[in-house]
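Visitor: return atomic coordinates for the entry below.
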Amino acid sequence: MNESTSEGPRSGQTSPAKGEASDNRKSVWSRLLSRQAQFVLDISVLGGAFVIAYLLRFEFQLESSQTQRLLAQLPLVVLIQIGALVLAGVYSFIWRYVGLAEMAAFLRAALGSGLLLLVGRLALPDSLQIWRVPLSIILMSTFFGFAGVVTIRVLRRILFERFEQKRRPVEPYKRKQILMVGAGRAGVLAAREIRGRGDMDVWIKGFVDDDPRKQGAVIQGKKVLGTTDDLPEICRSTDIDHVIITIAQISREELRRIVAICEEIPLRTRIIPGLYEILEGRVGITRFRDIEIEDLLGRATVQLEQEAVEPFIKNKTVLVTGAGGSIGAELSKQIARIGPANLILLERAEFALFQIDRELSNDWPQLSIQPVVADICDRNRVRQIFDRWKPEVVFHAAAHKHVPLTESNPCEAVKSNTLGTWIVGEIAGEFGCEAMVVVSTDKAVRPTSVMGATKRVAELAVQELDARNGTRYVAVRFGNVLGSTGSVIPIFREQIEAGGPVTVTHPEMVRYFMTIPEAAQLVLQAGAMGEGGEIFILDMGEPVRILDLARDMITLNGLVPDEDIEIEITGMRPGEKLFEELQTDAESIARTRHPKIFIGNINSYPSEQILGALDRLRDLSAGGEEAEVRSFLNEFLSEAKLTI
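Guide: Sure thing, here's the model as predicted:
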């Protein structure tokens with residue numbers, strides 16, 4: 001693959017003659033970087049190294065018989081060495097990102113080819129003496145040859161970086177002076193990328209790192225100037241414009257501490273993208289961005305048990321309901337990455353379905369994706385979908401989740417959250433699905449809202465379905481998801497952009513938060529480990545006070561809470577709680593093999609009560625009897641405390 005990223009001249013910036021010269025330089029550079037050219041260079045270097053080894057061995061005085069042996073052995077030796085390079089995977093490397101792993105491949109190729117020549121030297125009979133390469137020549141040609149092929153790649157990289165810097169220069173006075181916090185692997189990679197590009201508008205002044213062993217060290221030509229506690233003094237003495245946090249897996253507490261130091265200076269703070277985004281190929285490590293509230297609330301990366309999750313998904317037909325929503329869309333992406341045979345995207349909102357279908361089709365063009373417009377409450381339509389596609393695994397994420405809206409539309413919440421879950425689950429059992437995973441919520445614990453109560457009944461429906469069918473049914477209960485549609489963070493962001501006020505319902509209100517990818521991955525993990533009938537509870541970490549969340553978001557936007565942006569306490573809305581719970585006092589949880597997933601020993605109901613409740617809710621919601629729906633949910637769920 002051609003590694004050149006050269007672009008043509010921009011309109012109005014170069015004359016046609018200059019444009020042609022630039023195109024010619026680009027063409028020449030492309031030829032120099034081609035794998036074919038690299039292959040020819042390697043053959044030349046290895047052949048030259050063998051000739052030099054022969055000349056050194058015989059002190060540059062070759063007799064005719066020795067010359068004859070050299071010419072006979074040369075093609076064989078070069079062929080063995082080139083073959084070793086191919087087998088070691090050298091020609092698949094992108095040499096802009098050379099590192100120790102690539103050096104190890106060269107070492108393997110050198111040792112392998114040298115060992116093979118040595119075996120030939122010792123094993124070939126006297127009748128084939130012409131092919132027996134002297135031991136000293138084997139050693140010298142191996143060393144010289146493989147040192148040479150590494151050297152030309154290093155030179156190629158140096159030349160490429162210089163070419164890029166000259167081709168897309170940024171004037172020195174336009175470059176921002178930055179200080180990089182974190183001299184670990186991520187910081188080194190970012191610094192290396194900056195040095196290799198000419199179009200970056202930043203200039204590294206140095207590093208800071210709290211590791212005492214790195215103090216005074218020089219990394220990529222830049223010195224470690226001190227620790228994070230030294231930031232105020234370093235920034236004042238070196239005229240820093242920005243601080244870039246280049247710690248790949250920084251903890252929330254550490255990030256908060258560094259941000260607080262920079263705010264006191266004051267100094268703009270940015271951060272490298274998350275490891276998840278880089279691995280997905282969505283951004284590069286030097287695509288620095290402002291720190292978001294998600295960074296301060298985020299937690300350690302979830303480690304999936306791939307050996308359990310892959311067999312659950314891979315090469316199977318998977319159906320995701322609510323695929324256009326926040327959780328449904330992320331679940332679809334995670335599933336697509338594993339490689340199902342078919343991915344069925346079921347969504348009622350046409351535009352949301354269009355968006356997730358387009359995104360998945362662009363990222364995984366080889367994947368069989370079927371976008372389906374449907375309402376989970378339409379039993380006939382759902383049965384048609386199951387009959388046509390025969391899904392083996394179902395992830396049920398379709399739901400009405402906005403608490404105030406479900407309070408004012410309780411019949412619709414019952415239809416979607418409870419009866420829709422029963423319809424999808426019943427048909428999944430009818431068609432013999434392997435498993436169905438239902439997304440639930442912490443609001444189902446001692447529910448004070450219609451949303452929570454309808455989800456609690458859905459959990460009971462899941463347990464009833466598991467007892468009635470061969471399909472494995474599980475529910476997964478977790479709290480608020482950062483950045484999901486209708487959640488508090490996008491609302492606060494809009495209010496801040498509008499100049500305020502930021503509205504908080506109660507100064508002591510707290511909530512659990514997790515990222516969308518973390519929630520989706522844990523849902524997959526719970527589904528894979530479930531045996532049927534469980535209600536899994538995800539570890540949500542420590543709760544966050546909403547008032548603190550509002551203050552942090554205002555501060556991260558470079559504003560002062562209660563001065564630049566007012567915070568207004570509006571009072572709690574119907575159905576809201578001061579704090580959410582993941583289980584009641586009467587319930588207990590048991591650990592699973594995954595540290596962030598627990599099994600809740602949730603109180604179950606007799607089968608006849610659940611079936612009767614579903615029938616009653618079906619009748620009440622069909623008749624639009626909102627007050628009766630609330631009353632019945634309070635009556636059926638002994639722990640519920642809905643406002644009548």
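
Visitor: any idea of the mean pLDDT in stretch 229-239?
Guide: Averaging pLDDT along stretch 229-239 yields 82.

Visitor: list the buried residues of that stretch.
Guide: 231, 234-235 (16 or more other C-beta atoms under 10 Å). C-beta here means a position set from N, CA and C on the backbone, and glycine is covered the same way.

Visitor: before we move on, what about stretch 433-444?
Guide: 433, 435-444.

Visitor: equivalent analysis for stretch 53-67, please.
Guide: So, applying 16+ other C-beta under 10 Å, buried residues of stretch 53-67: 53-54, 57, 62.

Visitor: which one of the residues you listed is nearest Ser607?
Guide: Ala53 (84.1 Å; C-beta to C-beta).

Visitor: show me what contacts that closest one?
Guide: 136-137, 140-141, 144 (C-beta atoms under 8 Å, 6 or more residues apart in numbering).

Visitor: what helix or strand is it on?
Guide: helix 35-57 (DSSP states H and E).

Visitor: in three-state terms, how would Phe331 be classified?
Guide: Quick fix: residue 331 reads Leu, not Phe. Per DSSP: H, G, I helix; E, B strand; the rest coil, the local secondary structure of Leu331 is helix.

Visitor: show me the protein divided up by domain.
Guide: Split into domains by automatic domain parsing, the chain comes to 17-167, 172-291, 306-481+512-541+581-636.

Visitor: least reliable of those domains by average pLDDT, please.
Guide: When those are compared on mean pLDDT, domain 172-291 scores lowest, with a mean of 73.

Visitor: off-centre distance for it?
Guide: Offset of domain 172-291 from its chain centre (C-alpha atoms, centre = their mean, to the nearest Å): 21 Å.

Visitor: again with stretch 627-634
Guide: 43 Å.

Visitor: just the CA atoms of it, as CSV, please.
Guide: Only the C-alpha atoms of stretch 627-634 are listed here, as CSV (Å, rounded to 0.1, in the frame of the first residue of the first chain):
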residue,chain,number,x,y,z
ALA,A,627,-55.4,7.2,36.1
GLU,A,628,-56.4,3.6,36.3
VAL,A,629,-53.1,2.5,34.8
ARG,A,630,-51.3,4.4,37.6
SER,A,631,-53.5,2.9,40.3
PHE,A,632,-53.1,-0.6,39.0
LEU,A,633,-49.3,-0.3,38.8
ASN,A,634,-49.3,0.9,42.5
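
Visitor: what are the contacting residues of that stretch?
Guide: With C-beta under 8 Å, 6+ apart as the criterion, stretch 627-634 contacts 410-411, 414, 447, 450, 453-454, 457, 613, 616-617, 620-621, 640-644.

Visitor: show me how to select, in PyMOL, the buried members of those.
Guide: Selection of the buried residues among the contacts of stretch 627-634 in PyMOL, burial being defined by 16+ other C-beta under 10 Å:
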select buried, resi 410+411+414+447+450+453+454+457+613+617+620+621+640+642
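
Visitor: narrow the contacts of stretch 627-634 to those in helices?
Guide: Counted as lying in helices by DSSP state H, out of the contacts of stretch 627-634, are 410-411, 450, 453-454, 457, 613, 616-617, 620-621.

Visitor: can you put those residues in TSV and add distance to Glu264?
Guide: Shown next, in TSV, are these (distance: C-beta to C-beta, whole Å):
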residue	distance to Glu264
Pro410	49
Cys411	53
Val450	45
Ala453	47
Thr454	47
Val457	51
Ala613	57
Arg616	60
Leu617	56
Leu620	58
Ser621	55
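
Visitor: can I assume Phe537 sits in a strand?
Guide: Just so we're on the same page, residue 537 is Ile rather than Phe. Yes: the assignment for Ile537 by three-state DSSP puts it in a strand.

Visitor: now do the helices in the stretch 51-200 of the chain.
Guide: 64-87, 100-123, 135-167, 185-195 (DSSP state H, counting those that start in this stretch).

Visitor: which strands or helices does the third one pack on?
Guide: Just to be clear, that refers to helix 135-167. Applying 3 or more C-beta pairs under 8 Å, 6 or more residues apart in numbering; DSSP states H and E, one finds that helix 135-167 contacts helix 16-33, helix 35-57, helix 64-87, helix 100-123.

Visitor: quick one: closest of those to Val181.
Guide: Here helix 100-123 is closest among the helices and strands packed on helix 135-167 (C-beta to C-beta), at 24.4 Å.

Visitor: buried set for the closest one?
Guide: Applying 16+ other C-beta under 10 Å to helix 100-123 flags 102, 105-106, 108-110, 112-114, 116-117, 120 as buried.

Visitor: quick one: contacts of it?
Guide: Counting by C-beta under 8 Å, 6+ apart, 77, 80-81, 83-85, 87-90, 93, 95, 131-135, 138-139, 142-143, 145-146, 149-150 sit against helix 100-123.

Visitor: swap in 7 Å and give it another go.
Guide: For helix 100-123, the surrounding residues in contact (C-beta atoms under 7 Å, 6 or more residues apart in numbering) are 77, 80-81, 84-85, 88-90, 93, 131-133, 135, 138, 142, 146, 150.

Visitor: again with stretch 213-223
Guide: Under C-beta under 7 Å, 6+ apart, the answer for stretch 213-223 is 183, 188, 191-192, 195, 204, 206-207, 224.

Visitor: which of the residues you listed are buried?
Guide: 183, 188, 191-192, 204, 206-207, 224.

Visitor: output the contacting helices and strands for whichever helix or strand Phe395 is part of.
Guide: Using DSSP H and E, Phe395 maps to strand 393-396. Helices and strands touching strand 393-396, by 3 or more C-beta pairs under 7 Å, 6 or more residues apart in numbering; DSSP states H and E, are strand 317-321, helix 420-430, strand 435-441.

Visitor: the inter-axis angle of the first one versus helix 420-430?
Guide: Counting by axes from the mean of the first three to the mean of the last three C-alpha atoms, to 10 degrees, strand 317-321 points 170 degrees away from the direction of helix 420-430.
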